[in-house]
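J.: No letters, just coordinates:
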């Protein structure tokens with residue numbers, strides 16, 4: 001696969017490392033590949049825990065790749081479900097525990113993918129989070145408006161979504177956005193230890209608990225599908241079109257690397273100009 005490297009840590013544990021360019025944007029190809037990875041791992045009866053991390057310094061799973069935006073919106077499973085939405089559902093139902101080891105910026109569609117993993121452990125120094133949709137003239141479509149409120153509460157979810165700010169890992173932990181933060185030097189060892197411990201337990205019990213907790217905490221599939229429809233409809237809104245042009249100017253002026261590094265800041269700048 002072009003973007004995902006799979007490693008067998010132990011017979012029961014796999015590591016899936018995502019690397020896509022300088023800033024780990026999430027394209028239609030990313031979603032298609034990751035869906036195939038999740039499906040393959042779900043068919044492997046040996047797999048108990050899967051760790052998802054990044055091979056790109058400074059970035060975990062980033063926002064959508066605008067060069068593939070149309071293809072991402074059109075990508076669908078055989079039953080007609082948007083593949084991005086179906087991927088989140090398959091992760092929730094997978095017969096393994098998915099653990100995100102987050103080191104770097106995690107935004108937009110990438111942040112929505114992170115919400116779909118069972119557990120999220122973040123580097124205290126290196127992890128940052130953002131749902132930038134409102135500041136770009138859109139609404140979330142891949143679970144940001146559905147899963148996030150169930151983790152952080154209504155008012156904090158509204159703050160995150162309405163301000164489109166970058167949130168550091170400490171604030172994300174305070175809000176309940178991530179399971180736990182750790183010093184960067186301790187992140188890998190801690191995640192490995194959690195994975196090893198869970199992998200010891202009876203798989204039927206682990207999957208049973210996932211199902212119980214899912215019933216209590218996950219949004220109904222119909223709600224996420226409705227959010228995706230609202231998101232795809234918002235692409236035609238004038239606000240999104242206008243802000244896209246302004247961002248083109250900012251990329252030219254400040255450089256892509258700078259805008260990506262401080263996206264929360266530049267989202268504000270773009271709206272001041274719009």
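T.: Noted; the coordinates are in hand. The structure presented is a predicted model; accordingly, all values stated were derived computationally and were not measured.
J.: which residues sit against the worst-scoring helix or strand of the chain on mean pLDDT?
T.: Least confident element among the helices and strands of the chain, by mean pLDDT, DSSP states H and E: helix 238-254 (a mean of 91). With contact meaning Cβ atoms under 8 Å, 6 or more residues apart in numbering, helix 238-254 is reached by 66, 135-138, 234, 259, 266, 269-271, 273-274. No exception for glycine: its C-beta is placed from N, CA and C like everyone else's.
J.: what's the next secondary structure element after it?
T.: Past helix 238-254, further along toward the C-terminus, the next helix or strand under DSSP states H and E is helix 256-261.
J.: which other helices and strands contact that following helix?
T.: Other helices and strands packing on helix 256-261, by 3 or more Cβ pairs under 8 Å, 6 or more residues apart in numbering; DSSP states H and E, are helix 238-254.
J.: and if we set it to 10 Å?
T.: strand 105-107, helix 238-254, helix 263-273 (3 or more Cβ pairs under 10 Å, 6 or more residues apart in numbering; DSSP states H and E).
J.: The last one packs against which elements?
T.: Just to be clear, that refers to helix 263-273. Looks like helix 263-273 contacts strand 105-107, strand 128-130, helix 154-163, helix 238-254, helix 256-261 (3+ Cβ pairs under 10 Å, 6+ apart).
J.: among those, which is the most enclosed?
T.: Among the helices and strands packed on helix 263-273, ranked by average contacts under mean count of other Cβ atoms under 10 Å, first place goes to strand 105-107 (a mean of 30).
J.: ok, back up a step: the helices and strands packed on helix 263-273: which one's closest to residue 183?
T.: Closest of the helices and strands packed on helix 263-273 to residue 183 is strand 128-130, at 15.8 Å (criterion: Cβ to Cβ).
J.: Out of the helices and strands packed on helix 263-273, which gets nearest to residue 98?
T.: Across the helices and strands packed on helix 263-273, residue 98 has its closest neighbour in strand 105-107 (14.8 Å, Cβ to Cβ).
J.: what's the average pLDDT for the closest one?
T.: Averaging pLDDT along strand 105-107 yields 98.
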